[in-house]
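*Asks:* Let me see the structure of the following:
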Amino acid sequence: MRFPLLALACVLATAVNSATAQNNQGTSPLTLAKAMRLAETAHPAVRAREAQLDAAEGARREAASVLFNNPELSAERTQRRADTPDGRAKEWTIGVAQPIETGGQQTRRREAAAAGLDALRAEIDDARRQARTEAALRFHAVLAAQRRVQLEQRSLELFEGSAQAVAKRRAAGEDTRLDANVALIEAERARNALASARERLLDARSELGTVLQLPPSALPEVAGELAMPPADALPYQVDQLVAASQSLPKQRALAARETAARARLGLEHANRYPDVTVGVNVGREGPGDARERVTTLTVSVPLPLFKRNDAAVGQAMSEARQAELERTTSARDVPAQVRRLWSRVDSQRERVLRLQRAMVSASADNQQLAAKSRQAGQIGVLDQLLVNRQALDAERELTEALAEYHATRIELEQAAGWPQEGLAP
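*Replies:* Predicted structure coming up:
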């Protein structure tokens, strides 16, 4: 029975592997646009803000009512001794009372509720922008990690080929033991660098999956390349970015929060005025043969002698000043941050272009010249390994510079409120 069981297990394993391969092949690659769309719908910060909409909508509906306080219905039934055949007189009274605000609180309450709702919607837009920005940063980090893996893979193939060639030449007595050891060490260093690059790629994919709320096993392959910056100029100028930063969702949210805080301050000032309670009572009084219908109009006003709502007014005043401070601070800091990131991204763009024009092209040319010189016997293996390492180091520096450039560019566009890339389907 052991052999049929083993055969059945092999068949099942083959079927599972085939189904997994088909699923992986059928999964479309993850593009930047798709990653940003997933992030803005699945990010916990966005969902937490959206969960607060019901409370804000409820506050707005409550503030839109005709009166803030509900009427109070009262009923009273009295039984007393009287000169009646049964010796009792039954009386009843029904009344309704309505508190009415006299300081214009309802208008202030509606202003505060509407401004709070506007602020929350702007904060949701800001959270979505933050989620898209984080997804773009993690997406480009994966692209950079994939490029490093590809580079280290080429490095390993290059140095392993050199080590094998040197080993054959040493066996033929053409190269020394020192040459063979140096080539072997370079191959092992390349193998270690490739393993490290793969580990960094796993970390980058895991961080991207966290932003998209996807487990690493469900994250599709990331499709794309680190784009080179434009050679002439960036597609926007610093003045355009500074102007765009004034309409950031965060700025709108802070302005709405300040409006809501000032409306609440006006509400607390208005609460110092006492509410007038107006009531109407209708009842029957007296014995059965002389019962009278009585209608009573009541008006009550509390006297604001001791409690003047000072604590609530002080708290609302502090919140209004804090909201004003946050808005003015943000309005002052955002343009400074935009200009700082602009200078940084412009410097990084020039550095990337300089590396591409000068060092990378010259290093690739040196590799070809070194290979020809090595075949002609003009240079030794150590010289060729040095040239190869310089060429690989140049590509590594270009990759790092590209990764830094795109990270800073994304932060700049986020800080300025510039339309983000990847939004088109």
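
*Asks:* all contacts plus neighbour counts: C-alpha atoms, from now on.
*Replies:* OK.

*Asks:* So which residue is dead centre in the protein?
*Replies:* Compute the mean C-alpha point of the chain, and by Cα atoms, centre = their mean the closest residue is Ala131, 2.6 Å away.

*Asks:* distance of it from Ala165?
*Replies:* Per Cα to Cα, to the nearest Å, Ala131 is found 51 Å from Ala165.

*Asks:* low-scoring pLDDT stretches of the stretch 1-150 of the chain, where are they?
*Replies:* Low-confidence segments of the stretch 1-150 of the chain, defined by pLDDT under 70: 1-27, 81-87, 89.

*Asks:* one more time with 90
*Replies:* Along the stretch 1-150 of the chain, segments meeting pLDDT under 90 span 1-28, 40-41, 65-70, 76-92, 101-104.

*Asks:* what are the C-alpha coordinates of stretch 310-322, in PDB please?
*Replies:* C-alpha atoms of stretch 310-322 as PDB (Å, rounded to 0.1, in the frame of the first residue of the first chain):
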ATOM      1  CA  ASP A 310     -17.100  80.800  32.000                       C
ATOM      2  CA  ALA A 311     -15.400  77.400  32.000                       C
ATOM      3  CA  ALA A 312     -16.900  76.400  28.600                       C
ATOM      4  CA  VAL A 313     -16.100  79.800  27.100                       C
ATOM      5  CA  GLY A 314     -12.500  79.600  28.300                       C
ATOM      6  CA  GLN A 315     -12.200  76.100  26.800                       C
ATOM      7  CA  ALA A 316     -13.700  77.100  23.500                       C
ATOM      8  CA  MET A 317     -11.400  80.200  23.400                       C
ATOM      9  CA  SER A 318      -8.300  78.000  23.900                       C
ATOM     10  CA  GLU A 319      -9.400  75.600  21.200                       C
ATOM     11  CA  ALA A 320     -10.000  78.500  18.800                       C
ATOM     12  CA  ARG A 321      -6.600  80.000  19.400                       C
ATOM     13  CA  GLN A 322      -5.000  76.600  19.000                       C
END
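
*Asks:* So which residues make contact with that stretch?
*Replies:* Outside of stretch 310-322, the residues within contact range by Cα atoms under 8 Å, 6 or more residues apart in numbering are 258, 261-262, 264-265, 268-269.

*Asks:* Mind checking which of those land in helices?
*Replies:* Mapping the contacts of stretch 310-322 onto helices (DSSP state H) picks out 258, 261-262, 264-265, 268-269.

*Asks:* If we only consider these, which is nearest to Lys372?
*Replies:* Within the ones in helices among the contacts of stretch 310-322, proximity to Lys372 (Cα to Cα) peaks at Glu258, which comes in at 71.8 Å.

*Asks:* For the closest one, the count of nearby residues, please.
*Replies:* 25 (other Cα atoms under 10 Å).

*Asks:* now do Arg169
*Replies:* Using other Cα under 10 Å, Arg169 has 15 neighbouring residues.

*Asks:* and the gap between it and Glu157?
*Replies:* 18 Å.

*Asks:* All the helices of this structure, in order from the start?
*Replies:* Going by DSSP H, the chain shows helices at 2-26, 32-42, 44-50, 53-63, 105-171, 177-212, 238-245, 249-270, 310-354, 361-376, 381-416.

*Asks:* Can you say which of those helices is packed in most?
*Replies:* helix 249-270 (a mean of 23; mean count of other Cα atoms under 10 Å).

*Asks:* And for it, what's in contact with it?
*Replies:* 103-105, 108-109, 111-116, 118-123, 125-126, 309, 312-313, 316-317, 319-320, 323-324, 326-327, 330-331, 417.

*Asks:* how does it look with 6 Å?
*Replies:* Identification of contacts with helix 249-270 by Cα atoms under 6 Å, 6 or more residues apart in numbering yields 103, 105, 108, 112, 115-116, 119, 122-123, 126, 313, 316-317, 320, 323-324, 327.

*Asks:* can you give me the offset of it from its chain's centre?
*Replies:* The chain centre lies 24 Å from the centre of helix 249-270; the measure is Cα atoms, centre = their mean, to the nearest Å.

*Asks:* same question, stretch 276-283
*Replies:* Once both centres are worked out by Cα atoms, centre = their mean, stretch 276-283 turns out to sit 55 Å from its chain's centre.

*Asks:* Tell me the buried residues in that stretch?
*Replies:* 277-279, 281, 283 (16 or more other Cα atoms under 10 Å).

*Asks:* ok, Ala63 - contacts?
*Replies:* Ala63 sits in contact with 109-110, where contact means Cα under 6 Å, 6+ apart.

*Asks:* Check the gap between it and Glu268 for me.
*Replies:* 15 Å.

*Asks:* What of Glu397?
*Replies:* 61 Å.

*Asks:* and what of Pro220?
*Replies:* 55 Å.

*Asks:* and if you look at Ala165?
*Replies:* From Ala165 to Glu268 the distance is 86 Å (Cα to Cα).

*Asks:* Please apply the same query to Ala320.
*Replies:* Applying Cα to Cα to Ala320 and Glu268 gives a distance of 12 Å.

*Asks:* same question, Ala171
*Replies:* For Ala171, the distance to Glu268 - Cα to Cα - is 94 Å.

*Asks:* which one of the contacts of stretch 310-322 is nearest Val338?
*Replies:* Closest to Val338, out of all of those and judged by Cα to Cα, is Glu258, at 23.6 Å.

*Asks:* any idea of the pLDDT on that closest one?
*Replies:* Note for Glu258: predicted pLDDT of 95.

*Asks:* got it, and the one 3 residues further on?
*Replies:* The predicted local confidence for Ala261 comes out at a pLDDT of 95.

*Asks:* what's the answer for the one 3 residues further on, then?
*Replies:* Reported pLDDT at Arg264 in the predicted model: 94.

*Asks:* Then Val238?
*Replies:* Model confidence at Val238 (pLDDT) stands at 92.

*Asks:* For Ala167, list the residues it contacts.
*Replies:* Ala180.

*Asks:* Can you show me the CA trace of stretch 134-152 as PDB?
*Replies:* Provided in PDB are the C-alpha atoms of stretch 134-152 (Å, rounded to 0.1, in the frame of the first residue of the first chain):
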ATOM      1  CA  GLU A 134       3.200  56.100   0.900                       C
ATOM      2  CA  ALA A 135       2.300  53.600  -1.700                       C
ATOM      3  CA  ALA A 136       4.300  55.400  -4.300                       C
ATOM      4  CA  LEU A 137       7.300  55.600  -2.000                       C
ATOM      5  CA  ARG A 138       7.100  51.800  -1.200                       C
ATOM      6  CA  PHE A 139       6.500  51.000  -4.900                       C
ATOM      7  CA  HIS A 140       9.600  52.800  -6.000                       C
ATOM      8  CA  ALA A 141      11.600  51.200  -3.200                       C
ATOM      9  CA  VAL A 142      10.600  47.800  -4.600                       C
ATOM     10  CA  LEU A 143      11.600  48.900  -8.100                       C
ATOM     11  CA  ALA A 144      15.000  50.000  -6.700                       C
ATOM     12  CA  ALA A 145      15.400  46.700  -4.900                       C
ATOM     13  CA  GLN A 146      14.600  44.800  -8.000                       C
ATOM     14  CA  ARG A 147      17.100  46.800 -10.000                       C
ATOM     15  CA  ARG A 148      19.700  46.000  -7.300                       C
ATOM     16  CA  VAL A 149      19.000  42.300  -7.500                       C
ATOM     17  CA  GLN A 150      19.400  42.400 -11.300                       C
ATOM     18  CA  LEU A 151      22.600  44.300 -11.000                       C
ATOM     19  CA  GLU A 152      24.000  41.900  -8.400                       C
END
